[in-house]
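> Following is a predicted model, sequence given first.
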Amino acid sequence: MADAPLSRAALVAVLCAGLALGAVGCSGQRDTSEGKKIEAAIKRFALSHGPDTCSQLTGRGLISVYGGSDPNPTLTSSRARCIKSSKRFQGAPVDVTFVTIVKPTNAHASVRTLDGKHYYVVALLKLHRRWKIDSVSIQAKPH
């Protein structure tokens, strides 16, 4: 009898088992010193509620989310819109599942809500020795 091809789940399990023996596991660089700082920044952002949330975004992040319909939004107007909107923010815990450090000042992470219903890709930039959220994109639920 011919060997059946590995299912996606089995293939991932095999790859993770193999990677666990190396320097990088299935959580990417999450378990490194810098990866833990990235994870903490994401969790702090996810739990935030109020004006402090706005200070956790990069300028580009503020403009892309809070630039409004202005064809040339400024950082000042975007920050003001964020602070005004922050009265309605509600934080929620998340699970950071994977971290990739692209450069010493640039990283990406895979994030899911604790109920596993929503998945995100978060881009971060390190500015003045502090990781900030540059963008958050919805990711399709893994199969």
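On my side now, so go ahead. What you are looking at is a predicted structure, and each value in this text was computed from that prediction instead of being measured.
> And the contacts of stretch 132-139?
By C-beta atoms under 8 Å, 6 or more residues apart in numbering, the residues outside stretch 132-139 that reach it are 41-42, 45, 56-58, 60-61, 64, 110, 118-126. C-beta: built from backbone N, CA, C; applies to glycine.
> any idea how far Ile63 is from Gln29?
28 Å (C-beta to C-beta, to the nearest Å).
> again with Lys103
22 Å.
> could you list every residue that touches Ser77?
Listed by C-beta under 8 Å, 6+ apart, the contact set of Ser77 reads 67-68, 70.
> and with 7 Å instead?
By C-beta atoms under 7 Å, 6 or more residues apart in numbering, the contact list for Ser77 reads Asp70.
> quick one: low-confidence parts of this protein?
Filtered on pLDDT under 70, the chain yields the residue ranges 1-27, 143.
> Buried residues in the lengthiest helix in it, which are they?
Identified as the longest helix of the chain according to DSSP state H is helix 33-47. By 16 or more other C-beta atoms under 10 Å, the buried positions in helix 33-47 come out as 35, 37-39, 41-43, 45-46.
> nearest spatial neighbour of the spatially most central residue of the chain, skipping sequence neighbours?
Closest to where the C-alpha atoms of the chain average out (C-alpha atoms, centre = their mean) is Val122, at 2.6 Å. Leaving out its chain neighbours, the residue that sits closest to Val122 by C-beta to C-beta, 6 or more residues apart in numbering is Ala109, at 4.8 Å.
> Helix, strand, or coil at that neighbour?
The local conformation at Ala109, judged by DSSP: H, G, I helix; E, B strand; the rest coil, is strand.
> ok so, going back, tell me the helix or strand right after the longest helix of the chain.
As assigned by DSSP states H and E, the chain's next helix or strand after helix 33-47 is helix 52-55.
> And the helix or strand harbouring Ser137, what's buried?
Using DSSP H and E, Ser137 maps to strand 130-139. For strand 130-139, burial by neighbour count (16+ other C-beta under 10 Å) applies to 131-136.
> With stretch 62-77 instead?
Across stretch 62-77, burial judged by 16+ other C-beta under 10 Å covers 62-63, 65-67, 73, 77.
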